[in-house]
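Novice: Return a 3D structure for these sequence lines:
(chains A and B)
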Amino acid sequence: MHQYLFLIPALPLAGFLLLSLGGRHLSRKIIAWIGVGSVSAAAIFTIILGLQFLQAPPPEGSYTQTLWQWMSTENFSCAINLRVDALSLVFLFIITFVGALIHIYSSAFMRHDRDYARFFASMNLFVCAMLLLVLADNLVLMYLGWEGVGLCSYLLIGFWYETPANCHAANKAFYVTRIGDTAMAIGLFLLFKELGTLNIPEILQQAPQHFTAASPNITLIALLLLAGGMGKSAQLPLQTWLPDAMAGPSPVSALIHAATMVTAGVYLIARMHVVFQLSPVAMDVTAIVGALTLFIAGCSALVQTDIKRILAYSTISQIGYMFLALGVGAWSAAIFHFFTHAFFKALLFLAAGAIIESLHHEHDIFKMGGLRKKMPLVFWTFLAGAAALAALPLISAGFFSKDQILWYAWSAGNGSPMLWFVALAGAFITAFYTTRLMIVVFWGEMKTHIGEYPGRAMTIPLVILAILSVIAGFIEWPHNMVHLTLFSDLVQKVLPATMLQDDLPEEIVFQIIAAATALFGVYTGYVFYQGNKALIEEWKQSSALMQIRNFLFKGWAFDQLYDALFVRPFKFLTRINKSDLFDKLYNGIALVSRRLNQLFSISQNGSLRWYIVGVLIGIIFILTLQLML
Amino acid sequence: MILVWMISILLTGGLLCWLAGRRNNELVKWIALLTLLVDFVLVGNLWFQHQGVVTSGASTWFIDYKINWIPSFGISFHVAADGLSAVMLALTFFLGILSVLCSWNEITQRTGFYYFNLLWTLAGITGVFVALDLFLFYFFWEVMLVPMYFLIAIWGDKNRRYAAYKFFIFTQAGGLLMLISILTLYFIHASQTGTYSYDYFDLLNTKPEPSTAKWIMMGFMIAFVIKLPVVPFHNWLPDAHSEAPTAGSLILAGLLLKTGAYGIIRFVLPLFPQASAEIAWWAMLFGVIGIIYGAMLAFAQTDVKRLIAYTSVSHMGFVLLGIFAFREMAMQGVVMQMVTHGISTGALFVLAGMIKERLHTRDIGQMGGLWTSMPAMGGVAMVFTMASLGLPALGNFVAEFLILMGTFFVNVPFTVIATLGLVFSALYSLRLMQKVFMGPPKEEKHLKDFSTRELIIMAVLSISIVFLGLYPQPVMDMVKGVVLHLTMRS
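Specialist: Below is the predicted model:
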């Protein structure tokens, strides 16, 4: 089977080529068949491959397929090689399976759009690039996928390019992630200089021997790779692009900006875990970045009014949890949270898209309301997703993954009570804003008339994802409850097991606190938005509170900060030098010669009197000179 | 002999065009196209005969042809080709064909004379890439300059006179310095050995005093960095590129700039190994300055062709940086950059020309939303914008990646700053895309998307840039021998 591995990325690529070259001559039905079909076929291949992999794991733990030599010079050589192991398998499954569901949904969601073919072409290209990212066996090929997903993200955020704001959002996403990518590129150079290879298995094998403990270069490499991950995964301080990226169509937000691309940073760090483990500093930085991000983004999610921006901030915050888990050394917990998050966050975005479309493109949650009775299916599926996001104990997939992270934030080798506390505060905030979102959108009275109801192509993916959002957690139970750890058994073939500290309190205590926090968050949300609505109105009167609210609303004013620090100085510098300083120099030289020419040509006027005066002046000048000397 | 044929076919083709231009303008285009196709076949043949041959140690030259020209002065007609020449010749005829195709409808006045100039410029460029006699090299250097001056001055845009003068004066100033250097080297060689010779292989053995060598080298270097161009000698470029007709911009960006890089690789490094090692740090510094400065100027431009012109300044900075790293990997990257920049920037200029034919303006303020009426052009423009910002899977990435990784071994701070250039290239490239193709459509009237001729041009360019991005190895193998030879010496 694994000799067909190349088909998994090749099918979406073929879809892209067909649609981009011939899309304008195809009917909508055929476009949808190509677009959805290519990704679905890739999903089926992935599932078959995955089942084989699980039944008969390859002896070295991975399959590799060499396609062709890419470039080779001096001591550097890299090939287009695909490699699948347990970690990439998890990502493969999410990308193709969730990707296929989102494609099915899109075939209905985008049905009225003029550029139907362009949409599916870009989506297929995205899936291909993302698959290459996780299948790459060397960092250069991974970089190809990495930049490729960035391109597709750019193309899809700016899909409705006639609105200038969408273009700005697309450009911003590209610029900000490019900063991270550039740092990552420098990291690759340094890695190559040190190890002489960019092949991932070789790096993982050689790094422990090559680098002495706490060597500055390994820390630098890890931090540069981390910076790359922070750009793609919208972590502090490169998180500002993601909320604006919501300008793209909702399925794009679901696929790229929730389920897959934004977790590329998580994948990168997990893939390069040996490098990170060699540098305690980089591990701490990763954990702290994750903790800060989850808190900061969570606070911003509290006050947003645009349904997609709430979800965007919550995505940043949930990826913060994954980074935190990576940083404390809870490798499999991070990947597990990625796994469950992909289902419930994709679900929430798709459901939000269904709501937005039904309400004539209304994004403001305070103009929604009362949709529980009118759109019951969307309500129930959204509820499943929201429960998972809020991590309601035992009945949601999100609980199982987030509980693990909370526990490891304290107990894992690199964990600390402080990290745990921030994560717990984040859990409370998450439950709170999720409840707020649910109540405001689905309870109360209706404020906007419902236009068109979502069709079956949209509801079936919702239902499947809703079921997964409830049950996906059951494959990995906390150790003290049920002895079932299918997920960590799988990924720990690649990733190291999580080391625990000594002398820890009982795990059950943490679980109870985590569960109670989530429930308390839900309760608080209920009190504010359903029980005692007057309280919020009262707070709105206070200007200090409103200032805090606006500060959070603007995402802690990072945009303003960067604008003042980088954007405006750069624009100023380029604007004042638009006509090129050096050009003035050369034009100056030209001007001087022209002036001199004018000056001297005065003397050549053909008038005899002038010449005689000139001769006389010359004679007098020479005589004076002689007399004086 | 095949090399002499290539040049003489171009020269004869040019004359035929001029003659035929008095009778029939259609015929002229076909003559020009046929001439270049024949040359392209010849170079293809050369390529396939010698591919995969990495001559180790011994000679890297596949062909070496020499006859006496003016024996009393030691001048000979000496042309030769190695892997580097072969790559550059292939690029020359490839872009040459496209330049004829993209002039097809643009040029309606004095067609015969136009194609004469076009073919003669290409003949000069071909000569530059194969000449191994320094006098002959200087001769071809001038041959490519004068017809190009006419191309800009006659068929250019509104400000064409100014641009043409500027181009001529800058290049000529550099050329004269080079001539002085060539003569100095010639006489030093004569005083050391007693024989007068302009031959490359003879002059390679000349050992001038280190202090003299430095000055002689500077003469060559200035001529080449003006062509490349390097900040602060780049000012001829934005004017010449933006005022030239489309084919002129294509040849300027795609080929003429490469003659500067070629000159440094072929002459400066081998003739003055020590002196060039001494200036390496400075050269790399100027490379880095060029990368950043060019990118910042590109970002500010409002004239679409000027914008693309300044991106060339930025991209050529990578070439200078890579050459003076003296590493095999970086040098391979440099050659790739020469080829891929020729294709990608050439393509952008061709696109700019097509837009100008439709909108009659180069001001991006008057464009916007062109994707709606011209989806195919928008898609192709996206490909080349992405190539220009170094997206992997497109050729320019391979080039810049190899240059940067090679340079990283030599000078970390410069490499880091140059890598930041990748962020800057994203800034100007996406700005171009956004201003021209995105945003609300400004033009009310319907614009025509690609015609078949235009589609062929762009399809060929797109396929080549993707091919080079995914499978650059044939080019890298072709120049491997030369690159090894160069980096081992220094």
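
Novice: Every contact and neighbour count from this point should use C-alpha atoms.
Specialist: Fine.

Novice: Tell me which residues touch A:Phe91, please.
Specialist: Applying C-alpha atoms under 8 Å, 6 or more residues apart in numbering or on different chains to A:Phe91 gives the contacts A:Val134.

Novice: if I look at it, how far off is A:Pro454?
Specialist: Relative to A:Pro454, A:Phe91 is positioned 29 Å away (C-alpha to C-alpha, to the nearest Å).

Novice: again with A:Ile296
Specialist: Where A:Pro454 is concerned, A:Ile296 sits at a distance of 34 Å (C-alpha to C-alpha).

Novice: go on, A:Ala227?
Specialist: Distance from A:Ala227 to A:Pro454, by C-alpha to C-alpha: 40 Å.

Novice: same thing with A:Thr260?
Specialist: 24 Å.

Novice: which one of those two has more residues nearby?
Specialist: Between A:Thr260 and A:Pro454, counted using other C-alpha atoms under 10 Å in any protein chain shown, the more crowded position is A:Thr260 (30 against 20).

Novice: nearest spatial neighbour of that one, skipping sequence neighbours?
Specialist: Leaving aside its sequence neighbours, A:Thr260 sits nearest to A:Ile95 (C-alpha to C-alpha, 6 or more residues apart in numbering or on different chains; 6.3 Å).

Novice: Same check on A:Leu268?
Specialist: A:Gly229 (6.8 Å).

Novice: ok, that neighbour - how many residues close by?
Specialist: 29.

Novice: For residue 420, which residues are in contact?
Specialist: By default, I'm working from chain A. A:Trp420 sits next to A:Leu406, A:Trp407, A:Ala409, A:Trp410 when contact means C-alpha under 8 Å, 6+ apart.

Novice: that's the wrong chain, I wanted chain B
Specialist: B:Leu420 neighbours (C-alpha under 8 Å, 6+ apart): A:Thr182.

Novice: Around residue 224, count how many other residues there are.
Specialist: With no chain named, the answer covers chain A. For A:Leu224, the neighbour count with other C-alpha under 10 Å is 23.

Novice: wait, chain B
Specialist: Residue neighbour count, defined by other C-alpha under 10 Å, stands at 25 for B:Phe224.

Novice: A:Ala386 touches A:Tyr433, doesn't it?
Specialist: No: using C-alpha atoms under 8 Å, A:Ala386 is not in contact with A:Tyr433; the gap is 9.8 Å.

Novice: Show me the shaky parts of the chain.
Specialist: You didn't say which chain, so I picked chain A. A:1, A:213-214 (pLDDT under 70).

Novice: wrong chain, I was asking about chain B
Specialist: Across chain B, the ranges flagged by pLDDT under 70 are B:52-58, B:443-445, B:489-490.

Novice: Flag every residue of it that's near chain A.
Specialist: Those residues of chain B that sit near chain A, judged by C-alpha under 8 Å from any C-alpha of the partner chain, are B:232, B:235, B:296-297, B:299-301, B:328-329, B:332, B:369, B:391-393, B:404-405, B:408-409, B:416, B:419-420, B:422-423, B:426-427, B:430, B:434, B:438-441, B:470-473, B:476.

Novice: repeat that with 6 Å
Specialist: Contact residues (C-alpha under 6 Å from any C-alpha of the partner chain) of chain B with chain A: B:Asn235, B:Met296, B:Ala300, B:Met329, B:Pro392, B:Met405, B:Val423, B:Met438, B:Gly439, B:Pro440, B:Tyr471, B:Gln473.

Novice: Show only the entries of those residues found in strands.
Specialist: Using DSSP state E, no member of these falls within strands.

Novice: between the residues you listed, which is nearest A:Asn81?
Specialist: Checking these against A:Asn81 with C-alpha to C-alpha, the nearest one is B:Tyr471 at 13.4 Å.

Novice: Just give me the longest helix of chain B.
Specialist: As assigned by DSSP state H, the longest helix anywhere in chain B is helix B:160-193.

Novice: What residues of the longest strand seen in chain B count as buried?
Specialist: Counting by DSSP E, the longest strand found in chain B is strand B:61-70. By 16 or more other C-alpha atoms under 10 Å in any protein chain shown, the buried positions in strand B:61-70 come out as B:Phe62, B:Tyr65.

Novice: Not counting it itself, show me its contacts.
Specialist: Contact partners of strand B:61-70, identified using C-alpha atoms under 6 Å, 6 or more residues apart in numbering or on different chains, comprise B:Ile75, B:Ser76, B:Phe77, B:His78, B:Val79, B:Ala80, B:Ala81, B:Asp82.

Novice: State the next helix or strand along the chain beyond it.
Specialist: Next helix or strand after strand B:61-70 toward the C-terminus (DSSP states H and E): strand B:75-82.

Novice: so how far is the helix or strand just after that following strand from its chain's centroid?
Specialist: Counting by DSSP H and E, the next helix or strand C-terminal to strand B:75-82 is helix B:83-103. Chain-centre distance of helix B:83-103: 10 Å, with C-alpha atoms, centre = their mean, to the nearest Å.

Novice: Then stretch A:390-403?
Specialist: 23 Å.

Novice: Identify all contacting residues around it.
Specialist: Contacts for stretch A:390-403 (C-alpha under 6 Å, 6+ apart): A:Phe336, A:His337, A:Ala388, A:Leu389, A:Thr430, A:Ala431, A:Ser469, A:Val470, A:Ile471, A:Ala472, A:Gly473, A:Ala515.
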